[in-house]
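Visitor: how would this look folded up:
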Amino acid sequence: MTERPAREPRIFTVDEANTLLPRLRGILDDLRAARDRLLKAQEELADRFHGGARSNGHVAPGNEVERINAASNEAQAAIGQAVSAIAELGCELKDPDRGMVDFRTRREDRIVYLCWLQHEPQVMFWHELDGGYRGRQPL
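Guide: As a prediction, the model looks like this:
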């Protein structure tokens, strides 16, 4: 088996990052919806086996469990697709709950991250590669 060479991380300008934001918003919306569906399926499955849906000691019928498992599998696949789509753009998903995405960029002859949150209208912050959210500074 031959090893594939590691792909160099994409380096963005602020304009290039901003151009991707409408696409990223859609992907992040899809990701959030899939995560909600997964949580709902997990809660429904837990309810079926640990309380609410039991009747006279009987567990939910097999077809109900299959339906819930299918919904869970679909949601997990959609999550994987969304995460992959972000990575394929050359971005790094840092926090799906906040909708935080980082873009590598060059600043003063070093590589840093442009940092964007889904609710922000455009990329307005940057931080060191090891700085994280707390290290965000205005552009």
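
Visitor: Quick one: residues contacting the residue sitting nearest the centre point of the chain.
Guide: With distances taken as CA atoms, centre = their mean, the residue of the chain nearest its centroid is residue 96 (4.2 Å). By CB atoms under 8 Å, 6 or more residues apart in numbering, the contact list for residue 96 reads 28, 31, 32, 35. For every residue, glycine as well, the C-beta is placed using N, CA and C.

Visitor: Between all of the residues you listed, which two are separated the most?
Guide: 28 and 35 (10.4 Å; CB to CB).

Visitor: Out of the two, name the residue with the larger neighbour count.
Guide: residue 28 (22 against 17; other CB atoms under 10 Å).

Visitor: quick one, helices of the chain?
Guide: 14-49, 62-88 (DSSP state H).

Visitor: For residue 122, find the nearest of those.
Guide: helix 14-49 (5.0 Å).

Visitor: what's that closest one packed up against?
Guide: helix 62-88, strand 100-107, strand 110-117 (3 or more CB pairs under 8 Å, 6 or more residues apart in numbering; DSSP states H and E).

Visitor: for the first one, which positions count as buried?
Guide: Of the residues in helix 62-88, those buried by neighbour count under the rule 16 or more other CB atoms under 10 Å are 68, 71, 72, 75, 78, 79, 82, 85, 86.

Visitor: hang on, the earlier thing: so the residue nearest to the centre of the chain versus residue 19, what's the distance?
Guide: Per CB to CB, to the nearest Å, residue 96 is found 22 Å from residue 19.

Visitor: avg pLDDT for stretch 37-47?
Guide: For stretch 37-47, mean pLDDT is 90.
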